[in-house]
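Asker: Any chance you can model this:
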Amino acid sequence: MTQATRRERLRAETERDIRRQARALLVAHGRDAVTLRAIARELGITAPALYRYYDSREDLLHQLADDICTDLAVELDADLARIPPEDVTAQVYAVCRGFRQWALAHPQEFALVFASTETTLGACGPDDRHQVGDQFGRVFLEVAGRLIASHSVAGSTPPDVPESLHADLEVFQRVLVDTVNDRGVPADTDLLPLSAVYHITQSWVRLYGHVALEVFGRFPFAMSNPEPMFDSMLAEILGGMGFTDR
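Answerer: Below you'll find the predicted structure:
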């Protein structure tokens, strides 16, 4: 092993240690506790030394958010692996339920990635494919796209899709079609018209809204068990597309 290779290996190990400690602080004490000074203290190094690995605290948080989305995608992929590929409806339920369960079990990670007001974070959703969270967005987009592709929506864009949204939806439509095709599932704009893209976008907003309210304890009234409401919402979303409950 050359000296350069050893240095690269040591650098990679140090970067992993930094992010591991940052995540531990996040989980235990929340986002505000993740500071370069606190991480350096835990690792036994000086705070300025961390700048050899990350340009700023924001850069570190960005990498941490990406790690979190990668881990979430791994969990969802494991759930999907237990479901027959042709049972797309069951895959949709698995991804949506898995996301909710993960969020409830990891509230601090959820808050960092999905509830950040910074432009460099909070981009783990299906319409932010080229930013942080590409991994989670991929899982969601694949399953949503395959669901639509397996249940062709005939005809042109119906009048219930606001014309003012067409330009944005067309961009997302291209992302969705490319994602599904990249995974070997044939799809085009005929199989995924703007009406289907609009439905997917609305569905994500509803799912995210429910999960966020539940994670942050912000339901408008006391609810001992929100899970039946979540499952009912899933059934309603899929039922509107002609799919049955699971």
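Asker: hey, let's count contacts and neighbours off CA atoms from now on
Answerer: Fine.
Asker: Compute the distance between Ala28 and Phe110, please.
Answerer: Shown here: Ala28 relative to Phe110, a distance of 14 Å by CA to CA, to the nearest Å.
Asker: Show me which of the two is the more surrounded one.
Answerer: Taking Ala28 and Phe110 together and counting by other CA atoms under 10 Å, Phe110 has the greater number of neighbours (24 against 11).
Asker: After the helix or strand of the chain with the lowest mean pLDDT, which helix or strand is next? Please name it.
Answerer: Taking mean pLDDT, DSSP states H and E as the measure, the chain has helix 134-149 as its least confident helix or strand, at a mean of 68. Using DSSP states H and E, the helix or strand that follows helix 134-149 towards the C-terminus is helix 166-182.
Asker: Can you spell out which helices and strands pack onto that next one?
Answerer: When contacts are defined as 3 or more CA pairs under 8 Å, 6 or more residues apart in numbering; DSSP states H and E, helix 166-182 sits against helix 134-149, helix 194-215.
Asker: Looking at those, which is nearest to Pro85?
Answerer: helix 134-149 (9.9 Å; CA to CA).
Asker: quick revisit: pick the most buried one from the helices and strands packed on helix 166-182.
Answerer: Using mean count of other CA atoms under 10 Å, the stretch among these with the largest mean neighbour count is helix 134-149, at a mean of 23.
Asker: Give me the longest helix you can find in this protein.
Answerer: Among the elements of type helix in the chain, defined by DSSP state H, the one spanning the most residues is helix 3-29.
Asker: Report the buried residues of that one.
Answerer: For helix 3-29, the neighbour count (16 or more other CA atoms under 10 Å) marks 15, 18-19, 21-23, 25-27 as buried.
Asker: any idea of the mean pLDDT in that helix?
Answerer: When pLDDT is averaged along helix 3-29, the result is 89.
Asker: could we number from 23 for the rest of this?
Answerer: With 23 as the first residue, the last one maps to helix 25-51.
Asker: Counting by contacts, list what it packs against.
Answerer: helix 58-65, helix 79-103, helix 129-136.
Asker: what's the longest one packed up against?
Answerer: It stands for helix 79-103. Taking 3+ CA pairs under 8 Å, 6+ apart as the contact definition, the neighbouring helices and strands of helix 79-103 are helix 25-51, helix 110-127, helix 129-136, helix 156-171.
Asker: low-confidence ranges in this protein?
Answerer: Low-confidence segments of the chain, defined by pLDDT under 70, span residues 23-26, 139-158, 160, 166-181, 205, 207, 263-268.
Asker: didn't Leu191 look like it was pressed against Val219?
Answerer: Yes - under the criterion of CA atoms under 8 Å, Leu191 makes contact with Val219 at 6.6 Å.
Asker: Please give me every residue in contact with the closest residue to Ile90 other than its chain neighbours.
Answerer: Using CA to CA, 6 or more residues apart in numbering and skipping residues adjacent in sequence, the residue nearest Ile90 is Glu131, 6.8 Å away. By CA atoms under 8 Å, 6 or more residues apart in numbering, the contact set of Glu131 is 48-49, 87, 90, 125.
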